[in-house]
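J.: requesting a structural model of the entry that follows:
(one chain, ligands or ions: 2)
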Amino acid sequence: MQKRPLTVTPIRAFHDNYIWLLSTGGNRCAVVDPGDGEVVASHLKTHRLELDTILITHHHPDHIGGVAHLVSLWQPEVIGPEDQRISNRNTTVRESDTVHLNRLGLRFDVIDVPGHTRTHIAFFGHGCLFPGDTLFSAGCGRLFEGTAEQMQSSLDKLAALPAATRIYCAHEYTQSNCEFALAVEPENAALIEYSAWVNERRAADQPTLPSTIEKERACNPFLRTREAPVVDSARELDPTVQAGATTMGVIRAWKDRF
Ligand code: ZN
Ligand code: FE
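T.: Residues are numbered from 1 along each chain as shown. Ligands and ions are numbered 1, 2, ... in the order given. Modelled structure (predicted):
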């Protein structure tokens with residue numbers, strides 16, 4: 001179905017957002033979570049691209065703020081979750097739906113990932129995951145509208161994807177996330193090594209993304225809430241926690257004040 005390989009390019013927006021641009025070599029493209037319409041429009045004009053599709057993971061303004069402007073310029077299909085707070089959406093999707101971007105030769109499976117928001121979704125296809133603000137490298141989204149149990153089950157779904165899956169998170173939070181992850185697991189060798197690489201990348205103003213599921217399973221404390229060192233760290237704050245969701249709740253609350 002796909003004629004040429006998928007290329008994923010970051011468009012930087014605001015302080016630390018990435019708007020991911022999906023292209024398969026033609027003059028049409030898609031973007032994920034265009035919080036800023038101006039930076040997307042100017043990138044597309046510079047590269048003589050037309051916008052075919054907008055994929056939306058959740059309703060926060062830094063993810064949808066540019067949708068109306070881009071719709072006025074290119075009338076793309078706007079695909080997102082059922083949520084009244086997302087306007088301009090013309091296709092509504094939920095878990096186990098597949099979205100077809102026929103003109104780009106792309107298709108993505110939809111995964112429900114509540115926790116950061118109630119209606120948050122992720123897109124997975126072509127070896128790529130777009131998790132919005134649910135999964136960050138070495139971190140996860142804040143629990144604005146969901147519970148630790150929901151975040152645990154959402155992250156369990158993402159962690160079960162193939163190890164080589166490339167993860168295109170919506171924010172460059174990796175460096176500060178690594179500092180927190182090292183507080184949770186100071187002796188995690190994979191994390192120590194990753195953190196050093198992340199510091200080099202950020203010193204050179206380079207993105208740390210995409211990450212991979214394999215890397216996150218090794219380094220991300222929110223994907224490691226059943227690993228003894230993470231559970232033990234959570235128990236220092238709350239001796240009653242068990243592996244899994246209660247550990248998730250304690251380390252997420254710890255990160256909120258870190
Ligand atoms: Zn958000
Ligand atoms: Fe965000």
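J.: next up, the contacts around whichever residue of the stretch 151-258 of the chain sits closest to ligand 1.
T.: Using C-beta to the ion, residue 170 is the residue of the stretch 151-258 of the chain that sits closest to ligand 1, at 7.3 Å. (Each C-beta comes from the backbone N, C-alpha and C, glycine too.) Residues near residue 170 by C-beta atoms under 8 Å, 6 or more residues apart in numbering: 17, 18, 32, 33, 57, 62, 63, 130, 131, 132, 133.
J.: which ones among these map onto helices?
T.: 62, 63 (DSSP state H).
J.: and the helix or strand where residue 193 lies, what does it pack against?
T.: Counting by DSSP states H and E, the element that carries residue 193 is helix 189-203. Counting contacts by 3 or more C-beta pairs under 8 Å, 6 or more residues apart in numbering; DSSP states H and E, helix 189-203 packs against helix 174-184, helix 213-219.
J.: wait, doesn't residue 194 sit right on residue 138?
T.: Yes. Counting by C-beta atoms under 8 Å, residue 194 does reach residue 138; the two are 7.4 Å apart.
J.: what subset of the contacts of residue 170 is also close to ligand 2?
T.: Contacts with ligand 2 within the contacts of residue 170, counted by C-beta under 5 Å from the ion: 62, 133.
J.: of the contacts of residue 170, grab the buried ones for PyMOL.
T.: In PyMOL syntax, the buried subset of the contacts of residue 170 is picked out as below (16 or more other C-beta atoms under 10 Å):
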select buried, resi 17+18+32+33+57+62+63+130+131+132+133
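J.: how about the residues of the stretch 51-200 of the chain near ligand 1?
T.: 60, 133.
J.: can you pull out the strands in the stretch 51-200 of the chain?
T.: Secondary structure of the stretch 51-200 of the chain, counting by DSSP state E, counting those that start in this stretch: strands at 77-80, 91-92, 98-101, 106-112, 121-125, 128-130, 135-136, 139-140, 166-167.
J.: could I get those as a markdown table with distance to residue 187 and mean pLDDT?
T.: As requested, those are exported to a markdown table (distance: least, C-beta to C-beta, whole Å; pLDDT from 0 to 100):
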| stretch | distance to residue 187 | mean pLDDT |
| --- | --- | --- |
| strand 77-80 | 41 | 98 |
| strand 91-92 | 46 | 98 |
| strand 98-101 | 42 | 98 |
| strand 106-112 | 32 | 98 |
| strand 121-125 | 31 | 98 |
| strand 128-130 | 28 | 98 |
| strand 135-136 | 22 | 98 |
| strand 139-140 | 19 | 98 |
| strand 166-167 | 24 | 98 |
